[in-house]
Structure formats: structure tokens, C-alpha cells
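Sequence below, structure please.
(one chain, ligands or ions: 1)
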Amino acid sequence: MSIAIGQGLTTTKSAFIENAQKSGELYIKQPYELYSEANQETWRVLYARLKPKWEKYANSKFLEGVENLMLSPDLIPNLDEINSFLKPLSGFSAKAVSGYVPAYLFFDCLRNRSFPTTVTIRDSDALDYLPEPDIFHDVAGHVPMHTDRKFSDVLVRFGEVAQFAAVRAKSISKDKSEVAKIVESNIKAMARFFWFTVEFGLMREKGEIKAYGSGILSSASELQHAIESQNVQRFDIQLEWVINQHFEIDKFQPLYFIVDSFDHLFGLVDGLEMALRAGKLDNVCPGEPVANPADLASFLDAKVE
Ligand SMILES: [Fe+2]
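Predicted coordinates:
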């Protein structure tokens, strides 16, 4: 593949993305030819920083995933190529999106084994922190985990729980505002679960603590911090704690939860559904994250039976 010389697909600075959003196109085709040399250089710098840290701190399934996807240190991934390696392994595929995906749609994509994937890349002067996802976070942080059958089953199961929450909401015979409150609490609980596992989870592997959460795996500085800092709390995961624990997105996490395996994680998602059925997600502790109106509407208006 030749080096791209496009005008750029930089986070917050892409006419292509702005136009797609204006015309309401959420699912798009990755316009690979638009990546600029500066975008490619950003990928190279981020990849070079992370590679040695992955070797030290990432779980073995992630490292196998990086190999199996043939992730390039030098070039932003082409999603069609990534999918040609990914699909045969787990049935998952990366699906290009133009921006924010409301919560229900996001979880429902997971249920259908597709992962909404950002195609823009961060600006070269914001290498370390970015509040929104970019292609480095999504493809280098998340997608290698999707090559693992068990982990991908966890995501599908999580999507099923979200679907059940939407079905259940329709059966609650209370007035609209009370149903909305319950669904808001359900979304908060599911978002917290997702955050402390898929985004920032740690796991035990051969007597060591390794990272499997993509928020950690896509940040060279937080990856080391999460595993090595003395100033961090790490606890065995407890479902009831996680769903009631607020978090802040714009700083290193002070608290991480550890699972024993992806089988363990799968069982926890089963537990999440049982808790939902028992009404235990209907009034979780207040605090972040706050479901935005689009998230709430996506659940309330979901086409489910
Ligand atoms: Fe993420």
C-alpha cells in the first residue's frame, strides 16, 4: 500500500466527517485516501510508543490479536483488510462510523458482532489524551481483543443484556417519566460495567496482572500506571460495586477491577442480566456517567418486541 497524501481525517478537523454527520450518515465507508502524511505519522508515533508497553503489560490474547490482524506499525489500518483477518477468527468486524453512536445502537452492534469504529485520528499535538475515541483507540486498543472467541462472546452477551433492558422497559407499567428514570439508571449501570471491564479492565494471567481494557491498552502512560503504580487501587471485580461506582473520563483511573479470565467475565455479564431482571439496576448510585438524551431515546425507541 502506498502512503496516503489526502487532506486529513483528523479528529475535530475533517470536512468528510462533518458532511457525513450533517447528512445523518452514521455508518460510512472508511475514506482511506483522505489520510494525510501527518495522520500516518501520528499512527507511527503512537504505535512505536505502545509496542514495548504491550509486550510488558498486555494480556496474551491481545498480543496474539495484534499479530493475527497484521497491524502495521507504519500505516493506519485499512478496515477492510483488518476485517479479512478478524472475521474468520470470531465473526466480528470493525464497522466505520462518522461519530458518536447512541448507547443502544452501539450495544446492538456488538450483539451482531460488529464494532462501531472511528476512522479519524487524533491531532499530533494531542497525542496523549483525547476525550473521544479515534482510530488508534478503536483499532489498536479494542479490535485485537475481538480476535479472541471468548472475549467476542462476552461482547455479544453484553449486547443481549442491552437488548433485554430495552424489551423490559416496554413492559414496565409506570408513567413515561418513571420509565425514563429506570432506563437511565439501567444505562448508567451498563456503561459502568463496560467502563470497568472492556475499557479499563485488568486480568490475572500466569500469576501476573495484565491489561485487557482498551482504554488502558491505547494509552502508553496509563498502561504502565494501571499495572505498576503504587498509588492505584486494584480489586477483584464485584458486580454490585462496579454498577454503583462512578468514574471520571479525563484523568488516570484511581481504581481498577481484576477478572480471573474471560470465562469469569462472561459469567459476570450473565450476572448483570440477572441483576437487571431482579430490578437491581433500576436505581443505582448517582454520578457519572450521565446518559445523554440520545442514549436514553435510543433505548426507549429501540425496535424490539
Ligand atoms: Fe473504547
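
Could you pull out the strands in the stretch 201-305 of the chain for me?
Using DSSP state E, counting those that start in this stretch, the strands of the stretch 201-305 of the chain run over 202-205, 208-211, 233-236, 255-259.

Tell me the buried residues in the last one?
Of the residues in strand 255-259, 256, 257, 259 count as buried by neighbour count, 16 or more other Cβ atoms under 10 Å. In short, each C-beta sits where N, CA and C put it, glycine included.

quick one: that strand to chain centroid distance?
Distance of strand 255-259 from its chain centroid, counting by Cα atoms, centre = their mean, to the nearest Å, is 16 Å.

And for the first one?
In terms of Cα atoms, centre = their mean, the gap separating the centre of strand 202-205 from the centre of its chain is 18 Å.

can you list contacts of it?
Here strand 202-205 makes contact (Cβ atoms under 8 Å, 6 or more residues apart in numbering) with 59-60, 209-213, 216, 226-227, 234, 256-262, 265.

Could you give me the PyMOL syntax to select whichever of those residues are buried?
Applied in PyMOL, the following selects the buried portion of the contacts of strand 202-205 according to 16+ other Cβ under 10 Å:
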select buried, resi 59+209+210+211+212+213+216+226+227+256+257+259+262+265
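
And the helices in the stretch 201-305 of the chain?
With helices called from DSSP state H, counting those that start in this stretch, the stretch 201-305 of the chain shows them at 214-217, 220-228, 239-242, 262-277, 293-300.

I'd like those as a markdown table, with distance to residue 102 and mean pLDDT appended.
What follows is the helices of the stretch 201-305 of the chain, written out as a markdown table (distance: least, Cβ to Cβ, whole Å; pLDDT from 0 to 100):
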| stretch | distance to residue 102 | mean pLDDT |
| --- | --- | --- |
| helix 214-217 | 20 | 96 |
| helix 220-228 | 26 | 95 |
| helix 239-242 | 22 | 98 |
| helix 262-277 | 19 | 98 |
| helix 293-300 | 4 | 96 |
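
so which of those helices is the most packed in?
helix 214-217 (a mean of 25; mean count of other Cβ atoms under 10 Å).

From the contact counts, what lies against that helix?
Helices and strands touching helix 214-217, by 3 or more Cβ pairs under 8 Å, 6 or more residues apart in numbering; DSSP states H and E, are helix 220-228.

Give me the angle between the helix it packs on and strand 255-259.
60 degrees (axes from the mean of the first three to the mean of the last three Cα atoms, to 10 degrees).

mind listing what the most centrally placed residue in the chain touches?
The centroid of the chain falls nearest to residue 199 when counting by Cα atoms, centre = their mean (5.6 Å). For residue 199, the contact set (Cβ under 8 Å, 6+ apart) comprises 213, 214, 215, 216.

what does residue 132 give?
Going by Cβ under 8 Å, 6+ apart, the list of residues near residue 132 reads 11, 100, 118.

Listing request: residues of the stretch 1-150 of the chain with sub-threshold pLDDT.
For the stretch 1-150 of the chain, the stretches with pLDDT under 70 are 1-5.

same thing but 90
Scanning the stretch 1-150 of the chain for pLDDT under 90 picks out 1-7, 12-13, 124-132.

which residues in it form strands?
Using DSSP E, counting those that start in this stretch, strands in the stretch 1-150 of the chain cover 93-97, 114-118.

Which of those strands sits closest to residue 80?
strand 93-97 (9.3 Å; Cβ to Cβ).

how far off strand 114-118 does the closest one point, in degrees?
Going by the same axes, to 10 degrees, strand 93-97 is angled at 40 degrees with respect to strand 114-118.

Out of the contacts of residue 132, grab the one that's most surrounded.
Counting neighbours by other Cβ atoms under 10 Å, residue 118 comes out on top of the contacts of residue 132 with 24 neighbours.

How much space separates that one from residue 28?
11 Å (Cβ to Cβ, to the nearest Å).

Overlap of the contact sets of those two?
residue 97.

For the nearest residue to the residue nearest to the centre of the chain once chain neighbours are set aside, give me its contacts.
Among residues not flanking residue 199 along the chain, residue 215 sits closest, at 4.1 Å (Cβ to Cβ, 6 or more residues apart in numbering). Going by Cβ under 8 Å, 6+ apart, residue 215 touches 137, 141, 195, 199, 200, 222.

for residue 60, same thing?
205, 210.

Can you tell me how far it is from residue 97?
Here the criterion is Cβ to Cβ. By it, residue 60 lies 29 Å from residue 97.
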